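> what follows is a predicted structure for the sequence shown.
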Amino acid sequence: MAHAPEAVQVTDLVKTYPGDVRALDGLTFTVNSGEILGLLGPNGAGKSTTIKILTTLIQPDTGTATVAGHDVLRHPDRVRRVIGVVSQKSGADPEANGRDNLILQGRLYGLRHARGRAAELLAQFGLEDAASRPVKTYSGGMRRRLDVALGLVHRPQILFLDEPTTGLDPEARTTLWEEIAHLAKNEALAILLTTHYLDEADHLANRLAIVDKGRVVATGTPDALKGELRGDAVHVEWPEPPPEPLVREALSHLPGVHDVIFDGPRLSARTDNGAAAVPTVLAALDHAGVPASAATVARPSLDDVYLRYAGRRFAHAGGTR
């Protein structure tokens, strides 16, 4: 039996915008059926550019991408028939009600039973009671659930979710997370989720592709990526960035302290036992004349993973589209 192609396959995508802004710089990853792949990166890492290429809205400079086996450049019409898209901005008509939005979407795709499909999705996303209300009266969470329903009207094979929970309150985010997880598990959809929320990526994604400056710097399950960082993370802070050579020299003689990375006035290091290491680290810094203002110990997080591969903290990254 021949091996089925990945639902999405991206190889060496490059995209440059005017002003020599390189949004993608050799981006490569795959998404499998029934999987939620989290494309995790800060604002400006190239996530939205990737979605636009895969949904045939723009073309890459170089590289290849296939969706459900269809090349996005050679067969964009085929790609559009097998994908659902939930963009950052709502695609619903705010003046129409939820039911009519879904029926219209179904008819645009040529569905024979658009009304029945609309009723099915309204029930699935808990919008039956609001079906006859104008979308402009919906809460933010309700509107995003309707957006996802609109993306599913024609039963796509691949669903693209571009920053789906931006601006939602915690309760609405959690509800949408549950819906997304249900889709991947019970409907065997391939889902590509772009997000700049570390907790969202950790909670939802079966696998992550961590993006920095338009390229994938690490892939794996959230647990596997965090598991690569054995021991504890020790974070040390100063009011102002300290002399890096002096700090490195002070810590270089401490056993079990390694992977020292600076990020402005903050330092992160790995150690087998963070609680035992902190007093030693602080004493060494005091002795070197660079006393710290704060020190904390934490288990490895996705922020630590990003710091390891990108060399700076997630919140301080960004710069492309």
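On my side now, so go ahead.

> switch to C-alpha atoms for all contacts and neighbour counts from now on
Noted.

> mind exporting the longest helix seen in the chain as CSV, just the C-alpha atoms?
Looking across the chain with DSSP state H, the single longest helix is helix 170-187. Extracted C-alpha coordinates of helix 170-187, given in CSV (Å, rounded to 0.1, in the frame of the first residue of the first chain):
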residue,chain,number,x,y,z
PRO,A,170,-10.3,33.2,29.3
GLU,A,171,-13.7,31.4,29.4
ALA,A,172,-14.3,31.9,25.7
ARG,A,173,-10.8,30.8,24.9
THR,A,174,-11.2,27.6,26.9
THR,A,175,-14.5,26.8,25.2
LEU,A,176,-13.0,27.3,21.7
TRP,A,177,-10.0,25.1,22.7
GLU,A,178,-12.4,22.3,23.6
GLU,A,179,-14.1,22.6,20.2
ILE,A,180,-10.8,22.6,18.3
ALA,A,181,-9.6,19.5,20.1
HIS,A,182,-12.9,17.7,19.4
LEU,A,183,-12.5,18.4,15.7
ALA,A,184,-9.1,16.9,15.4
LYS,A,185,-9.9,13.9,17.5
ASN,A,186,-13.4,13.0,16.2
GLU,A,187,-13.4,14.2,12.7
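
> what's it packed up against?
helix 140-152, helix 198-204 (3 or more C-alpha pairs under 8 Å, 6 or more residues apart in numbering; DSSP states H and E).

> okay, those in a markdown table with distance to residue 258 next?
As requested, these are exported to a markdown table (distance: least, C-alpha to C-alpha, whole Å):
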| stretch | distance to residue 258 |
| --- | --- |
| helix 140-152 | 44 |
| helix 198-204 | 24 |
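
> hey, which of those is tucked in deepest?
Each of the helices and strands packed on helix 170-187 was scored by mean neighbour count; the highest is helix 140-152, a mean of 23, by mean count of other C-alpha atoms under 10 Å.

> contacts for that helix, please.
By C-alpha atoms under 8 Å, 6 or more residues apart in numbering, the surrounding residues in contact with helix 140-152 are 84-86, 90-92, 98, 101-102, 105, 121-122, 125, 127, 135, 159, 164-165, 167-169, 172-173, 176.

> and it with helix 170-187, angle?
Compare the direction of helix 140-152 with that of helix 170-187 by axes from the mean of the first three to the mean of the last three C-alpha atoms, to 10 degrees and you get 20 degrees.

> which SS state does the closest residue to residue 215 other than its chain neighbours fall under?
Distances taken as C-alpha to C-alpha, 6 or more residues apart in numbering put residue 27 closest to residue 215, at 4.5 Å, once the chain neighbours are dropped. With DSSP: H, G, I helix; E, B strand; the rest coil as the basis, residue 27 sits in strand.

> can you pull up the bridge partners for residue 27?
Counting by DSSP bridges, residue 27 is bridged to residue 13.

> kindly state the pLDDT recorded for it?
Listed pLDDT for residue 27 reads 97.

> thought it was touching residue 216?
Yes. Applying C-alpha atoms under 8 Å, one finds residue 27 in contact with residue 216, separated by 5.9 Å.

> for the protein, which spans come out with low pLDDT?
1-5, 315-321 (pLDDT under 70).

> mind listing the strands for it?
8-17, 21-31, 36-40, 62-67, 70-71, 83-86, 158-162, 190-195, 207-212, 215-220, 232-237, 257-263, 266-271, 294-298 (DSSP state E).

> so which of those strands is the most packed in?
strand 36-40 (a mean of 27).

> who touches that one?
31, 47, 181, 184, 190-198, 201, 204-211.

> rerun at 6 Å
Residues from elsewhere that reach strand 36-40 (C-alpha atoms under 6 Å, 6 or more residues apart in numbering): 191-196, 201, 205-211.

> who is the nearest residue to residue 35 once chain neighbours are set aside paired with across the strands?
Nearest in space to residue 35, with sequence neighbours left out and distances taken as C-alpha to C-alpha, 6+ apart, is residue 190 at 5.2 Å. Residue 190 has the following beta-bridge partners by DSSP bridges: residue 158.
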